[in-house]
Structure formats: C-alpha cells, structure tokens
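Asker: here is my input, please return the structure:
(4 chains)
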Protein chains: 2
Amino acid sequence: MKLQKETKTGRSAEPNRRKEHGSWYGDACGTAFALEILGERWSMLVVRELMFGPRRFSDLRASLPGISAKVLTERLETLAGWGVLEKKQLPPPAATQVYELTEWGYMAERAINELGRWAARSPLHNPMLPVSNASIMSSMKTMQVPEHMAEAPDMAIGMELGAEQFRVTVTDGQFLAERGVIEGCDAVLRAPDARSLAAALYGDVPLAALEAGAGLVVEGERATLERFVNLFDLPPKIGCAG
Amino acid sequence: MKLQKETKTGRSAEPNRRKEHGSWYGDACGTAFALEILGERWSMLVVRELMFGPRRFSDLRASLPGISAKVLTERLETLAGWGVLEKKQLPPPAATQVYELTEWGYMAERAINELGRWAARSPLHNPMLPVSNASIMSSMKTMQVPEHMAEAPDMAIGMELGAEQFRVTVTDGQFLAERGVIEGCDAVLRAPDARSLAAALYGDVPLAALEAGAGLVVEGERATLERFVNLFDLPPKIGCAG
DNA sequence: CAGAATCCCATTCGATACTG
DNA sequence: CAGTATCGAATGGGATTCTG
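Answerer: Just a heads-up that it's a prediction; the model follows:
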C-alpha cells in the first residue's frame, strides 16, 4: 500500500503521509477509515456540536472551550472535504453562514453516542464534572431507560442551559431533542449550566434540592418534569482492573 | 509555571495539560472522555486488535502496519492506565507476556464497530482496499444481514488469513468470531490476505472466480461456505454532498 | 523477542494580530 | 462576526541503538 518511505535523506523523508485520502493507518476498513475522518483532535466533538442543527463559527468556538480559530477552521474544512458537513450561506437578511451536517454526517450520531456511553461506564469517569450543553443533550439519547421510556406519556420539555435553548419531546416513547424555542412546552427547566442539568438527570438529588442549591428553575407542570428526569439513568459502572 | 518535573526529562514544565485525567477537552462528558482514552492516534486500532483475544507485543506490531515500537509501548501503557487493557505474564513454560482487554475494554466493541459501519457508508470509502485481518473480522460483526442471519443454519467456518487463523461460528443466528484453530469446521476458507476475504464477503464476484484469480481456497462443504458469505453485506452508501 | 532510551525534525497547536 | 496570517514552542513519533 502506501508504505513508501525514505525517498532521499534516509530518514524523515516523508514524516507524515496524513491527509492523503485513505492512508493514515494503511488500513482501509471501516474503523480506520472512520478514524481518518473523525480521529483528529476535536473533529468528533465538532460533529457532535452540530448534531442538534446548524451552527455558526463563533457558536461552535464558544461551545468547544480551548479550540483555536485556526484549528476549528481546519477541522471544518477537512470535515467538509469528507462530506460530513457543509458550509451554507444563509439568505440575505442574515448575511452569515452556518455549518450543517450532511445526511451522512447526522448518521454518526449513534457511533458517537455509543462511545460516550461506553466511556461513562469507566470507574474513572465522574459524570458530575462540568460538561458542555451539547454533550449533556447527547447523553440523554443514550442514557434512556427503555422500560421507563416505553410507558412514558407524551411530553414536551423546554430546556434552557445558560444562553441556549433546546426543545425535548417524548412521543410514543421516542425521544427527540433539537435546538429551538421553549415556548409551548408542558414544562420548562432552566439551568445555569449543563452541570446542574446533569445533577438533575443523573444525580440522586431531588429536583427541589437543586432548585434551592444549584440555581435550577422549574416552570409549568412540575410532575411532568419529575417524571421526565426519571427517564434517564447512567449505565452501571464496571469494576475494571480489579 | 510549575516547577515539578520528571525524574529524567529535565524540562517539560507543563505546556499542555493533556494526560491529567479528564482535561484534554475541558469537557467531562462521555464522548470527550472516550476521546481522551481512545482518541490518540492508534489507540482505537490497538483495542480493536485485541478484540479477539490476548496478543503479544510483536503480534500487535505486525498487525498495525506503520506503528513504531515506541508508540505501541506508549499506547499500551496509557490504555492500561485507563483500565482498558492489562498486561499479563503467561505461566512459566511460555515466558512471555500478553496484553488483554479488561471486561470494560471488551465493551468498546459495539462503539468501535458502529464507527466502522458508519464510515463504510461514505461514498469515498472503497471497501476493496487492503485491510488488516482484525478489521475484516470485526466488520463481519456489523455487516450481518439480519434476515439472512435469522434463518441461517448453524455452522462453523474456519478462516485462514495469511498466517492467522480464526474460527467463526453461527449458532441460532448468533455470530461469533475468535482466534483459534480451524480444525473440525464444516468448511474452511483460506485466503492469502484480508483483501481477498473482503472480496468474497462484500464483492459481487462468485467464490469460484476468486479461487481462480485471488488465491482463495475452499475446503469442506462448499455450499455451506457459499451460504455463509451471503450472510454479510455492506450497508448502502449515502449520496452525500449531492 | 519485548521494550527502554536517545536523537531530532516536521507537524501541529495556541496566541496574537490583522482584515473584510 | 468570520475567519486569515504569522510566529514560536513543544509534542509526536520514526529511526536507531541498547538491554534483559
């Protein structure tokens, strides 16, 4: 395959052959190919940030603490080159552009979430640490308790996380989360950050306590919200390495 | 900056906070955490190579074309530190050591395979390119056609891929692959490399043609083998970016 | 064989400044 | 806001050598 090396100087002639479509690992099968696409630092998190709909450059940057403009630009270009996302010009009124996953890009959701679910079972993982808004929203998808979800009544929950709003619906036991307005929901949960929401969903603390201590605000049907947060739970930890 | 330094490196104050548990991305939720564990170059492929059982250092190295001893050593150490795998001393007779996934490590299989399945749907992916033995074996797990598998008779297939042997069984519609001897199988397929096997499984060429042209050798019940290769198929490609 | 230790360049990243 | 340009720093990792 692409194992050609040392053209002249004997060593370091061609240090890294990255970026030539399909030759990072010299292994063309699925997983290696996926890693060529999503395996660079930040790439997968960029994709996850777009899972709930198109976003602007600066929004992405704000959601990915630590990423530089340079790297974000590079990742977006590379991912667009692979057909994972597209750059779109918004119509004239809003003279701005957004990045949006392609149909195929959206299909990465299951794989990405599955990774997260796996990692969450590590004894070394502390789910109460600070998390981004997109990550907590994603996590709900994988942390559903099937039995609870099956018998859950339809509901629409508004989530306000800092400055972002999500609309979460349960319909016939199907979970759906999207960015959007929270008006018209059965209940609304406002949280100062994703961490507080994580505590509500995955912690053992009752909602009322979080309202008192963590800045949570409940509006609308409280009972519905109580029921909602019980639809999710963390998978059991594994006792590894011992 | 901090003054603490390593016992040997002399410098390396602390420019990047990597490697300190939980701070690559400043995001503690599942996916980011998974990327801290498996997101470094080669890490996920190392794990996949161990999916079919414990392996020695040199076997791993041989299976991962392009990885250097240094990098493999580093990855194994890091992964062991996270509790993904363990280094084990084999009993005296064989004075050698092997690396084996922990219980939790084995659980990454679904996520890794899901990634591969997703990537294989890219129009830019050519499944006929050279692949490693472990990757083709892994791929079979995700490329099962449920309807065919449901009505498949029990069978044991031996696979010889170059120097490696796998034993693949279908029992009550359940697929299982493991490293092991091929003796006592209903049929045996010998292929010079994984690429030939990929052609048999996912290509449209009949087995007979591959025997003539690609060095495949069929032993035992040919009809069983014909049926076997039809249990797998690639997921449909996506017409992305168009 | 299994890996530790060295050497050392190129890639990559982050910070800053700049531009349309 | 949405990037681009430039620069210095350090990390990664390939090749090589050495050891038990």
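Asker: which residues of chain A fall in helices?
Answerer: Along chain A, counting by DSSP state H, helices occupy A:30-38, A:43-49, A:57-63, A:69-81, A:103-106, A:109-120, A:133-142, A:146-150, A:194-202, A:207-213, A:222-229.
Asker: in the shortest one, what counts as buried?
Answerer: Pointing back at helix A:103-106 there. Neighbour counts over helix A:103-106 (16 or more other CB atoms under 10 Å in any protein chain shown) mark A:W104, A:G105, A:Y106 as buried. Backbone N, C-alpha and C define where each C-beta goes, glycine included.
Asker: out of these, which is nearest to DNA strand D?
Answerer: Set against DNA strand D, the nearest of the buried residues of helix A:103-106 by CB to the nearest atom of the strand is A:G105 (16.7 Å).
Asker: if I pick the residue lying closest to that closest one once chain neighbours are set aside, what's in contact with it?
Answerer: Computed as CB to CB, 6 or more residues apart in numbering or on different chains, the closest residue to A:G105 that is not its neighbour in sequence is A:V84, at 4.3 Å. A:V84 sits next to A:I37, A:L38, A:V47, A:L101, A:T102, A:W104, A:G105, A:A108, B:C240 when contact means CB atoms under 8 Å, 6 or more residues apart in numbering or on different chains.
Asker: in chain A, which residue sits closest to DNA strand D?
Answerer: Residue of chain A nearest DNA strand D, by CB to the nearest atom of the strand: A:S58 (3.1 Å).
Asker: that residue and A:E211, how far apart?
Answerer: With distances taken as CB to CB, to the nearest Å, A:S58 is found 32 Å from A:E211.
Asker: quick check: closest non-adjacent residue to A:Y99.
Answerer: Counting by CB to CB, 6+ apart, the residue nearest A:Y99 is A:L85, at 5.3 Å.
Asker: and the one you found, how many neighbours?
Answerer: Neighbour count of A:L85, defined by other CB atoms under 10 Å in any protein chain shown: 26.
Asker: next: A:A208.
Answerer: Around A:A208 there are 12 residues (other CB under 10 Å).
Asker: go on, A:P192?
Answerer: 14.
Asker: now do the phi/psi pair for the closest residue to it other than its chain neighbours.
Answerer: Excluding the flanking residues, the one nearest A:P192 by CB to CB, 6+ apart is A:G215, at 4.4 Å. Taking degrees, to the nearest 10, you get phi 80, psi 20 for the backbone angles of A:G215.
Asker: now do the contacts for A:G215.
Answerer: Counted by CB under 8 Å, 6+ apart, A:G215 has contacts A:A191, A:P192, A:S196.
Asker: and A:T96, by the same measure?
Answerer: For A:T96, the contact set (CB under 8 Å, 6+ apart) comprises A:R56, A:L90.
Asker: picking that back up, chain B: which of the buried residues of helix A:103-106 is nearest?
Answerer: A:W104 (4.0 Å; CB to the nearest CB).
Asker: gap between that closest one and B:A191?
Answerer: The gap separating A:W104 from B:A191 is 30 Å, by CB to CB.
Asker: ok, A:E221 next?
Answerer: Look at A:E221 and B:A191: by CB to CB, they are 61 Å apart.
Asker: more crowded one of those two?
Answerer: Shown here are A:E221 and B:A191; by other CB under 10 Å, B:A191 has more neighbours (23 against 16).
Asker: who are the contact partners of that one?
Answerer: Per CB under 8 Å, 6+ apart, neighbours of B:A191: B:M159, B:E160, B:L161, B:G162, B:L197, B:A200, B:A214, B:G215, B:L216, B:V217.
Asker: rerun that using 10 Å as the cut-off
Answerer: B:A191 is in contact with B:133, B:136, B:159-162, B:197-200, B:210, B:214-218, counting by CB atoms under 10 Å, 6 or more residues apart in numbering or on different chains.
Asker: check A:L189 too.
Answerer: A:L189 makes contact with A:157-161, A:166, A:168, A:182, A:196-197, A:200-201, A:207, A:210-211, A:216-220, A:225, A:228-229 under the criterion CB under 10 Å, 6+ apart.
Asker: switch the cut-off to 8 Å
Answerer: A:L189 makes contact with A:I157, A:G158, A:M159, A:E160, A:L197, A:A200, A:L216, A:V217, A:V218, A:E219, A:L225, according to CB under 8 Å, 6+ apart.
Asker: can you count the residues close to the fourth one?
Answerer: I take that to be A:E160. 17.
Asker: what sits against it?
Answerer: Shown in contact with A:E160 (CB under 8 Å, 6+ apart): A:I182, A:V188, A:L189, A:R190, A:A191.
Asker: repeat for the third one
Answerer: A:M159 is in contact with A:M137, A:Q165, A:F166, A:R167, A:V168, A:I182, A:V188, A:L189, A:A191, A:L197, counting by CB under 8 Å, 6+ apart.
Asker: out of those residues, who's nearest chain B?
Answerer: Of all the contacts of A:M159, the one with the least separation from chain B (CB to the nearest CB) is A:M137, at 9.8 Å.
Asker: quick check: bridge partners of the closest residue to that closest one other than its chain neighbours?
Answerer: Nearest residue to A:M137 in three dimensions, chain neighbours excluded: A:A177, at 5.2 Å (CB to CB, 6+ apart). Counting by DSSP bridges, A:A177 forms beta bridges with A:V168.
Asker: to A:P91, which of the helices of chain A lies closest?
Answerer: With distances scored as CB to CB, the stretch of those nearest to A:P91 is helix A:57-63 (17.8 Å).
Asker: which other helices and strands contact that closest one?
Answerer: If you count contacts as 3 or more CB pairs under 8 Å, 6 or more residues apart in numbering or on different chains; DSSP states H and E, helix A:57-63 packs onto helix A:43-49, helix A:69-81, strand A:97-101.
Asker: picking up where we left off before, and the residue nearest to A:G105, how far is that from DNA strand C?
Answerer: 17 Å (CB to the nearest atom of the strand, to the nearest Å).
Asker: wait, which of the contacts of A:G215 is closest to B:E77?
Answerer: Among the contacts of A:G215, A:S196 lies closest to B:E77 (CB to CB), at 36.6 Å.
Asker: next up, the contacts around that closest one.
Answerer: A:L210, A:A214, A:G215, A:L216.
Asker: what sits closest to the first one if chain neighbours are left out?
Answerer: So that's A:L210. The shortest distance from A:L210 to any non-neighbouring residue, by CB to CB, 6+ apart, is to A:L216 (4.3 Å).
Asker: could you report the neighbour count for that neighbour?
Answerer: Number of residues near A:L216 (other CB under 10 Å) recorded here: 21.
Asker: in contact with it, which residues are there?
Answerer: By CB under 8 Å, 6+ apart, the contact set of A:L216 is A:L189, A:R190, A:A191, A:P192, A:S196, A:A200, A:L207, A:L210.
Asker: if we go to 6 Å?
Answerer: A:L216 makes contact with A:A191, A:S196, A:L210, according to CB atoms under 6 Å, 6 or more residues apart in numbering or on different chains.
Asker: check A:K141 too.
Answerer: A:N113.
Asker: from A:S63, how far out is it?
Answerer: Look at A:K141 and A:S63: by CB to CB, they are 17 Å apart.
Asker: cool, and A:T31?
Answerer: From A:T31 to A:S63 the distance is 27 Å (CB to CB).
Asker: so between those two, which is more surrounded?
Answerer: With neighbours defined as other CB under 10 Å, A:T31 and A:S63 compare such that A:T31 has more, 31 against 20.
Asker: spatially nearest residue to the more buried one (excluding sequence neighbours)?
Answerer: Once flanking residues are discounted, A:T31 sits nearest to B:G116: 3.9 Å by CB to CB, 6+ apart.
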